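>>> quick check, what structure comes out for this input:
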Amino acid sequence: MKIIKLVWSYLRIGIANELQYRVNFFIQLLQSFIALATGLIVLWLVFSQTTELGGWSQPELLAVMGIYMLVGGVIQSAIQPNMQRLMNEIQDGTLDFALTKPVDGQILISIREFRFWQLTDVLVGLVVIVIAIVQLKEQVGILQALAFIAALILGGIMIYCFWLILTTTAFWIIRIWELVNLFQGLYAAGRWPVTIYPQWLRIGLTFLVPVAFAITVPAQALTNRLTPLTLVEALGLAVLLMGLARVIWRMGVRSYSGASA
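Next comes the predicted model:
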């Protein structure tokens with residue numbers, strides 16, 4: 001309950017801060033529509049030449065696009081702002097203010113920032129997903145919906161853990177922004193199902209950077225492609241990344257020398 005109250009407190013503060021600049025909502029909404037329009041144009045160009053891409057039909061790829069936008073909105077609103085703040089505090093030596101609080105440091109550094117207007121990507125992504133489901137002309141049953149939600153949650157956990165691992169390297173590496181830019185470039189590959197890529201890239205986007213589990217696997221749940229084994233693998237990888245992120249975080253904190261050192 002204490003953690004839930006803490007999360008709610010920071011969430012309210014983040015929303016209140018964002019509401020001071022309401023014009024940002026329209027700017028972000030415009031950016032979301034531009035990104036959507038660009039994706040739709042590319043999708044139209046592809047299917048003007050073929051009827052399927054790697055075994056995926058146009059409505060199925062539209063579902064992938066919606067999930068890509070939804071997950072991207074979650075990253076931009078809740079994960080990336082906190083990781084960027086953590087990175088800056090490590091480099092400036094001001095992380096002490098978080099570490100000395102009477103709460104687990106990893107939890108605190110993960111919930112302090114929230115970009116409310118970035119949720120427009122989440123809303124647009126949900127709308128695109130609904131449109132894709134209607135175009136598929138297939139009823140999404142309860143099991144499919146549960147599998148989709150489970151895959152989406154597990155994918156979000158993996159992305160968070162990967163971001164934390166990447167950001168925690170700032171304890172030892174100064175030029176960490178290059179790695180962040182690398183992730184953003186690799187995440188852009190998630191707008192397409194990883195199954196259409198060569199084997200070596202597919203493996204990298206699945207196990208090195210968990211883009212496949214965050215985007216393609218939830219899309220597979222909506223399109224009757226997801227197997228129970230894949231969902232179990234997603235759960236196992238999520239647990240593994242959570243443990244690895246926790247270990248690396250603790251190692252980084254032990255090697256940290258801040259303003260109070």
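>>> next, Ala214: secondary structure please.
Three-state assignment for Ala214 (DSSP: H, G, I helix; E, B strand; the rest coil): helix.
>>> grab the nearest non-local neighbour of it.
Distances taken as Cβ to Cβ, 6 or more residues apart in numbering place Gly155 nearest to Ala214, at 3.4 Å, with adjacent residues excluded. Bear in mind the C-beta positions are built from the backbone N, C-alpha and C, glycine included.
>>> just the CA atoms of the helix or strand where Val127 lies, as PDB, please.
Element membership of Val127, judged by DSSP states H and E, is helix 119-136. The C-alpha coordinates for helix 119-136 follow below in PDB (Å, rounded to 0.1, in the frame of the first residue of the first chain):
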ATOM      1  CA  LEU A 119      -0.500   9.200 -23.600                       C
ATOM      2  CA  THR A 120      -2.000  10.500 -26.800                       C
ATOM      3  CA  ASP A 121       0.200   7.900 -28.500                       C
ATOM      4  CA  VAL A 122      -1.400   5.200 -26.300                       C
ATOM      5  CA  LEU A 123      -4.900   6.400 -27.200                       C
ATOM      6  CA  VAL A 124      -4.200   6.600 -30.900                       C
ATOM      7  CA  GLY A 125      -2.600   3.200 -30.700                       C
ATOM      8  CA  LEU A 126      -5.700   1.700 -29.000                       C
ATOM      9  CA  VAL A 127      -7.900   3.200 -31.800                       C
ATOM     10  CA  VAL A 128      -5.700   1.700 -34.500                       C
ATOM     11  CA  ILE A 129      -5.900  -1.700 -32.800                       C
ATOM     12  CA  VAL A 130      -9.700  -1.600 -32.600                       C
ATOM     13  CA  ILE A 131      -9.900  -0.700 -36.300                       C
ATOM     14  CA  ALA A 132      -7.500  -3.500 -37.100                       C
ATOM     15  CA  ILE A 133      -9.600  -6.000 -35.200                       C
ATOM     16  CA  VAL A 134     -12.700  -4.900 -37.000                       C
ATOM     17  CA  GLN A 135     -10.900  -5.300 -40.400                       C
ATOM     18  CA  LEU A 136      -9.700  -8.800 -39.400                       C
END
